[in-house]
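Participant: Pasting a predicted model and its sequence here:
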Number of protein chains: 2
Amino acid sequence: MVNMDAAELSGKLAAIASPQRMRIIALLSGETLYVSELARRMEMSRALLYMHLTKLEEAGFVAGHLELSDDGKAMKFFEVLPFTLTVNAKTLVKAVAAHTESETI
Amino acid sequence: MVNMDAAELSGKLAAIASPQRMRIIALLSGETLYVSELARRMEMSRALLYMHLTKLEEAGFVAGHLELSDDGKAMKFFEVLPFTLTVNAKTLVKAVAAHTESETI
DNA sequence: ACTACCTGTAATATTTATCTAACAGGTGCA
DNA sequence: TGCACCTGTTAGATAAATATTACAGGTAGT
């Protein structure tokens, strides 16, 4: 994770760049919520929310797990994974270099 | 710049998230190049490159200026501006909060 | 006049991302 | 049985980003 190639870094940045997904992380940061509840707070359809959550999960920003509530309902909770992303010119040069290497060799 | 709202942060992240634009910054980081030369190294049309450069410039990552070469040609040079972007859960919470404030008040 | 460079933009096509609507399946309770 | 919750997915519409093509204009040198 110390050395990310351009594709990976780009994926993470794209995942986090969306205002909607920024809000999702902000909402999940503090309390873990299950999908339907999160959908209500986001005022967003579950289908759409799933799309966003999938992108965030693939990028490694959140993680979801099924839980069985007391009354037997299956509920999918999501939590924010700890992360820190630092980007500057140096970072980008490294990422691009790593990328072209893996492409060429 | 210390406190960015969600829209601004999202704009910067989106600008930097593109693999093409990451390569542009990597190429410009070290030497300033004029558009046509950069287009050759990127193996990309100038029209498309302009689109990318505009986004990078609007986000504040690069700056361009016209220069008159010795033989009278107008040449537009671009350079990378110093920047460091750090994103984590705390950053996002702040950005989102700043956003909803400016929206509501 | 013609070639070889350069900047700059507008119209258009293509590809991707985002969003909506609709469905199937589950549990618990009145 | 019917209502109120929950998860999960797919097909399709809409919006936005990306890329292409084709211009117009400039300087310098052969």
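Facilitator: The structure has been received and is ready for your questions. Numbers count the residues shown, from 1 in each chain, chains lettered A, B, ... in the order given.
Participant: can you map out the strands along chain A?
Facilitator: For chain A, the strands defined by DSSP state E occupy A:33-34, A:62-68, A:74-80, A:84-88.
Participant: So which other helices or strands are in contact with the shortest one?
Facilitator: Same thing as strand A:33-34. Packed against strand A:33-34 by the contact rule (3 or more CB pairs under 8 Å, 6 or more residues apart in numbering or on different chains; DSSP states H and E) you find strand A:74-80. The way it works is simple: take the backbone N, C-alpha and C, and place the C-beta from them, glycine included.
Participant: Okay, now the sheet partners of the strand it packs on, with direction.
Facilitator: strand A:33-34 (antiparallel), strand A:62-68 (antiparallel) (DSSP bridges).
Participant: and the last one, does that touch DNA strand C?
Facilitator: This means strand A:62-68. No - counting by CB under 7 Å from any atom of the strand, DNA strand C is not contacted by strand A:62-68; separation bottoms out at 8.6 Å.
Participant: How about the shortest one?
Facilitator: No - legend: contact between strand A:33-34 and DNA strand C by CB under 7 Å from any atom of the strand is lacking; minimum distance shown is 12.3 Å.
Participant: hang on, the earlier thing: mean neighbour count, the strands paired with strand A:74-80: which tops it?
Facilitator: Mean neighbours per residue, mean count of other CB atoms under 10 Å in any protein chain shown, is largest over these for strand A:33-34, with a mean of 18.
Participant: distance between that strand and the chain's centre?
Facilitator: Centroid displacement of strand A:33-34 relative to its chain, using CA atoms, centre = their mean, to the nearest Å, is 15 Å.
Participant: ok, and what's touching that strand?
Facilitator: A:27, A:41, A:67, A:75-78 (CB atoms under 8 Å, 6 or more residues apart in numbering or on different chains).
Participant: rerun at 7 Å
Facilitator: Strand A:33-34 is contacted from outside by A:27, A:75-78, using CB atoms under 7 Å, 6 or more residues apart in numbering or on different chains.
Participant: DNA strand C next: which of those are close?
Facilitator: With CB under 7 Å from any atom of the strand as the criterion, no member of the contacts of strand A:33-34 is in contact with DNA strand C.
Participant: Any of those residues buried? List them.
Facilitator: A:27, A:77-78 (16 or more other CB atoms under 10 Å in any protein chain shown).
Participant: Could I get the full set of helices for chain A?
Facilitator: Secondary structure of chain A (DSSP state H): helices at A:6-17, A:19-28, A:35-42, A:46-58, A:89-104.
Participant: Distance to B:Asp71 and mean pLDDT added to those, as CSV?
Facilitator: Below are the helices of chain A laid out as CSV (distance: least, CB to CB, whole Å; pLDDT from 0 to 100):
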stretch, distance to B:Asp71, mean pLDDT
helix A:6-17, 36, 97
helix A:19-28, 47, 98
helix A:35-42, 58, 98
helix A:46-58, 50, 98
helix A:89-104, 31, 83
